[in-house]
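Chemist: predicted model follows, preceded by the sequence.
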Amino acid sequence: MSRIGRMPVAIPAGVEVTLNGSKITVKGPKGTLERELMNLVSVKVEDGQVIVTRDGDEKEKRSAHGLTRTLIKNMIEGVTVGYTKNLEIVGVGYRAAKSGKDVTLTIGFSHPVIVSDTDLVKIDVPQPNQLVITGIDKQAVGECAAVVRKIRPPEPYHGKGIRYAGEVVHLKEGKAGKSSKK
């Protein structure tokens, strides 16, 4: 048995989990998430817990067992607590500004880059050099953070660019240059 897959997922108060065939719906205080489940595992809701089981030991079923349980746990955590990714903007003159649903990034290009909020993800700018990406879907929050970081990843010589909060950028030394002896 999968060590992760066999653990039941507790359903906290205020969260409603509904199974409709191979579709699971999780409603909570922060919103609603839906997901289509794989046919390799079976899911039951009983006694305030979600239990994921499989009927065989094939590799695909073992893989799907732990994955399905983790996806359901992430859905429940998302509608109760939510997910957050923090990004830092490093560089002279690099900054972000929020206006309505759009965030304007001034990050060294000849033009400003505009990133917008979506239905699942909200981008906040608490300071001009910080971005906070929040949402209820863990995958959407992580993907949005990766897309924003990819616009201007940290470069290896000065470390300028957009990075995750706490990310360590190892800087290269640069050219050694010729010695000044003649």
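Modeler: Received, thanks. Numbers count the residues shown, from 1 in each chain.

Chemist: what about the chain, any weak spots by pLDDT?
Modeler: Scanning the chain for pLDDT under 70 picks out 1-2, 177-182.

Chemist: neighbouring strands - and their directions - for the lengthiest strand in it?
Modeler: For the chain, the strand with the greatest residue count under DSSP state E is strand 83-90. Here strand 83-90 has these sheet partners by DSSP bridges: strand 130-135 (antiparallel), strand 161-164 (antiparallel).

Chemist: buried sites along stretch 134-153?
Modeler: Neighbour-count burial for stretch 134-153, with 16 or more other CB atoms under 10 Å as criterion, is recorded at 134, 135, 136, 137, 138, 140, 141, 144, 145, 148, 149, 152. For the C-beta atoms, the positions are set from N, CA and C on the backbone; glycine is no exception.

Chemist: isn't residue 38 up against residue 65?
Modeler: No. Contact criterion CB atoms under 8 Å: residue 38 and residue 65 do not qualify, at 9.5 Å.

Chemist: element containing the residue nearest the centre of the chain, please.
Modeler: Taking CA atoms, centre = their mean, the centroid of the chain lies closest to residue 142, which sits 2.1 Å from it. Assigned by DSSP states H and E, residue 142 falls within helix 138-151.

Chemist: re the thing from before, how far away is the residue nearest to the centre of the chain from residue 112?
Modeler: 25 Å (CB to CB, to the nearest Å).

Chemist: same question, residue 126
Modeler: Taken as CB to CB, the span from residue 126 to residue 112 is 19 Å.

Chemist: repeat for residue 141
Modeler: To residue 112, residue 141 is 23 Å away according to CB to CB.

Chemist: can you give the domain ranges for the chain?
Modeler: The record's domain parsing of the chain by automatic domain parsing lists 9-80, 83-164.

Chemist: now distance to residue 175 too, for those domains, in TSV please.
Modeler: Putting the domains of the chain into TSV (distance: least, CB to CB, whole Å) gives the following:
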stretch	distance to residue 175
domain 9-80	46
domain 83-164	10
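
Chemist: which residues of this protein fall in strands?
Modeler: Using DSSP E, strands in the chain cover 9-10, 16-20, 23-28, 31-36, 41-46, 49-54, 83-90, 95-99, 102-106, 113-116, 121-124, 130-135, 161-164.

Chemist: circling back to that earlier point, between the buried residues of stretch 134-153, which is closest to residue 94?
Modeler: Distance to residue 94 across those (CB to CB) is lowest for residue 152, with 7.8 Å.

Chemist: contacts only, for the closest one.
Modeler: 94, 105, 107, 108, 109, 160, 161, 162 (CB atoms under 8 Å, 6 or more residues apart in numbering).
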